[in-house]
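Chemist: what follows is a protein structure lacking sequence information:
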C-alpha cells in the first residue's frame, strides 16, 4: 500500500495564512509603498545625521585642544612620554622629520588625535612648529610604526605651540 505524504498546512484559520500579505512586507502594492516610504525616511535620517556629524566635526576642530597630564605613550625607539594634548586637525601625512621634504611615515585618518611634543622644523604654510604623534596607518619605514611629525598648520589651535604641550627633548 502506497503512503501519500501531505504538504504542510499553513498555521492559522485563514485559507491563505502562509502567504505574504500586502502591506506587511509582501509583494503587494501596499508592501512596495511601505518599503519605499521606509527607504525615503531612512535616507533623510542618514542625510541629517551626516550633516550633524560634519557640523560636530567642524565644531570639534575649532574647539581648544585638551591637555591630558596622565596619558602615557611609548614611541618606536622606546622613548616614554607622560602627558599629551588632543586636538582636532586636518587629516594628513605624518613625516619622519619635521620638514616638508621628509619621507611620509604614516597617515592620520581620524580627528581628533593626540600629540606628545612639538619641535621647530621647516616652514609649512607660515608655521615652523611640528607636532610629534603616531599615525593611524603606517607607511614608509615600518620600523618607526607610523611615528612622526604633523605640521602646526594642520592643527585646529589658535596658538602654536599648543599651550600645555612640552617641547620635544631632542629639538
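Modeler: Alright, I've got the coordinates. These numbers come from a predicted model, not from an experiment.

Chemist: can you tell me the element the residue lying closest to residue 149 once chain neighbours are set aside falls in?
Modeler: With sequence-adjacent residues excluded and distances taken as CB to CB, 6 or more residues apart in numbering, residue 149 is closest to residue 130, at 4.0 Å. Bear in mind the C-beta positions are built from the backbone N, C-alpha and C, glycine included. Counting by DSSP states H and E, the element that carries residue 130 is strand 127-134.

Chemist: again, but for residue 165
Modeler: Under the assignment given by DSSP H and E, residue 165 is not contained in any helix or strand.

Chemist: try residue 170
Modeler: When secondary structure is defined by DSSP H and E, residue 170 falls outside every helix and strand.

Chemist: I figured it hits residue 121, correct?
Modeler: No: under the criterion of CB atoms under 8 Å, residue 170 is not in contact with residue 121, lying 12.0 Å apart.

Chemist: who's more crowded, these two?
Modeler: Set side by side, residue 170 and residue 121 give different neighbour counts by other CB atoms under 10 Å, the larger being at residue 121 (20 against 8).
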